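K.L.:
no FASTA, just this:
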């Protein structure tokens, strides 16, 4: 069973039809919507600030979501995939976003809807990703616009697949 832990009087609220791997950790002021999934060794730590997630968010293996005390909460929209071993810290991620494996998104970044953060990208604090963009590199920079093929073939495909994958475990 996943570790769900109260911290500072806050108990995580997990939406219906969500999957939690046995060694996922979700603590403190965390609220997530329906059809979310928290995979093996993922950590969602709402101890120092809140973390709010919409529907159909998948937090893949080894990913960490956190915030900064009294400064930067984390807000994640709907239909968002957080790739394996990504770090999402004190930022805002809008709807329909793919965060690639090993990417790092730092405090006060805002990721616009229908965007992709490439695997291994590092977004330094306060980076603003305009909607419909692909960002890559260290430090991350815009490399192109997303088109309908990328939105459907990557962002939506991966989010939908993780809803399907979670059904295999329940």
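P.N.:
Looks like it arrived, so ask away. Computed from a prediction, not measured in an experiment: that's the story for all the values here.
K.L.:
just so I have it, where are all the helices in the chain?
P.N.:
Remark: helices assigned in the chain by DSSP state H are 148-150, 157-169.
K.L.:
Minimum distance to residue 25: which of those has it?
P.N.:
Closest approach to residue 25 among the helices of the chain (CB to CB): helix 157-169, 16.9 Å. For every residue, glycine as well, the C-beta is placed using N, CA and C.
K.L.:
and the closest one, which residues are buried?
P.N.:
158, 159, 160, 162, 163, 166 (16 or more other CB atoms under 10 Å).
K.L.:
So which elements touch the strand ranked longest in the chain?
P.N.:
Longest strand in the chain, counting residues (DSSP state E): strand 43-53. Packing contacts for strand 43-53, counted by 3 or more CB pairs under 8 Å, 6 or more residues apart in numbering; DSSP states H and E, involve strand 25-31, strand 64-66, strand 74-76.
K.L.:
Which of the residues in the worst-scoring helix or strand of the chain on mean pLDDT are classified as buried?
P.N.:
Here the helix or strand of the chain ranked lowest by mean pLDDT, DSSP states H and E is helix 148-150, holding a mean of 94. For helix 148-150, burial by neighbour count (16+ other CB under 10 Å) applies to residue 150.
K.L.:
what's the burial count for the residue nearest to residue 64 when sequence neighbours are not counted?
P.N.:
Closest residue to residue 64 apart from its sequence neighbours, by CB to CB, 6 or more residues apart in numbering: residue 43 at 4.8 Å. Residues contacting residue 43 under the criterion other CB atoms under 10 Å number 17.
K.L.:
Pick out whichever of the buried residues of helix 157-169 sits closest to residue 10.
P.N.:
residue 166 (24.5 Å).
K.L.:
centroid residue for the protein?
P.N.:
Residue closest to the mean C-alpha point of the chain, counted by CA atoms, centre = their mean, is residue 82 at 4.1 Å.
K.L.:
can you pull the contacts of it?
P.N.:
Contacts of residue 82 were listed using CB atoms under 8 Å, 6 or more residues apart in numbering, and they are 57, 58, 59, 60, 63, 65, 76, 88, 99.
K.L.:
Distance-wise, check it relative to residue 149.
P.N.:
Relative to residue 149, residue 82 is positioned 22 Å away (CB to CB, to the nearest Å).
K.L.:
just checking, residue 62 touches residue 83?
P.N.:
No - using CB atoms under 8 Å, residue 62 is not in contact with residue 83; the gap is 9.5 Å.
K.L.:
which among the buried residues of helix 157-169 gets closest to residue 118?
P.N.:
residue 158 (13.5 Å).
K.L.:
How about the closest one: what's its closest non-neighbour residue?
P.N.:
Nearest non-adjacent residue to residue 158 (CB to CB, 6+ apart): residue 81, at 4.6 Å.
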